[in-house]
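[1] quick one: sequence and predicted model below, then my questions.
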Amino acid sequence: MIFNENLENTNVESLLSGIKNYSVMTDQIADNLHDLEKVARHDDKIAKRVNQAESEVRQASIILAKLLEEYSN
């Protein structure tokens with residue numbers, strides 16, 4: 001975790017910045033998993049698991065974005 005070494009100096013602004021960064025990263029990972037699922041369609045079992053991973057990562061991105069919105073106000 002990027003905040004571990006600096007826990008005592010972490011403030012709300014830096015925490016929100018981290019949440020924003022992770023929200024963007026998880027959204028990008030979900031996009032990449034979506035592309036991977038298309039490539040994996042020749043193996044239905046793999047494609048389904050990659051699709052599941054995409055859905056879960058996308059959900060994490062949505063949760064982080066909502067958290068950021070909630071605490072940015």
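    Happy to help now that I have it. Numbers count the residues shown, from 1 in each chain.
[2] ok, and the closest non-adjacent residue to the spatially most central residue of the chain?
    With distances taken as Cα atoms, centre = their mean, the residue of the chain nearest its centroid is Thr26 (2.2 Å). The shortest distance from Thr26 to any residue that is not its chain neighbour, by Cβ to Cβ, 6 or more residues apart in numbering, is 3.9 Å, and that residue is Ser61. For every residue, glycine as well, the C-beta is placed using N, CA and C.
[3] low-confidence stretches in the protein?
    Counting by pLDDT under 70, the chain contains low-confidence ranges at 1-9.
[4] residue contacts, the residue located most distally from the centre of it?
    In the chain, His42 marks the outermost C-alpha relative to the chain mean, sitting 26.5 Å out by Cα atoms, centre = their mean. If you count contacts by Cβ atoms under 8 Å, 6 or more residues apart in numbering, His42 has none.
[5] thinking again about what came up before, show me what the host helix or strand of the residue nearest to Thr26 is packed up against.
    Ser61 is part of helix 44-72 when elements are defined by DSSP states H and E. Contact partners of helix 44-72 among helices and strands, from 3 or more Cβ pairs under 8 Å, 6 or more residues apart in numbering; DSSP states H and E: helix 12-39.
[6] list the buried residues for the helix it packs on?
    Neighbour-count burial for helix 12-39 flags Gly18, Ile19, Tyr22, Ser23, Thr26, Asp27, Ile29, Ala30, Leu33, Glu37 (criterion: 16 or more other Cβ atoms under 10 Å).
[7] same deal with stretch 46-55?
    Neighbour count says stretch 46-55 has Ala47, Val50, Asn51, Glu54 buried, by 16+ other Cβ under 10 Å.
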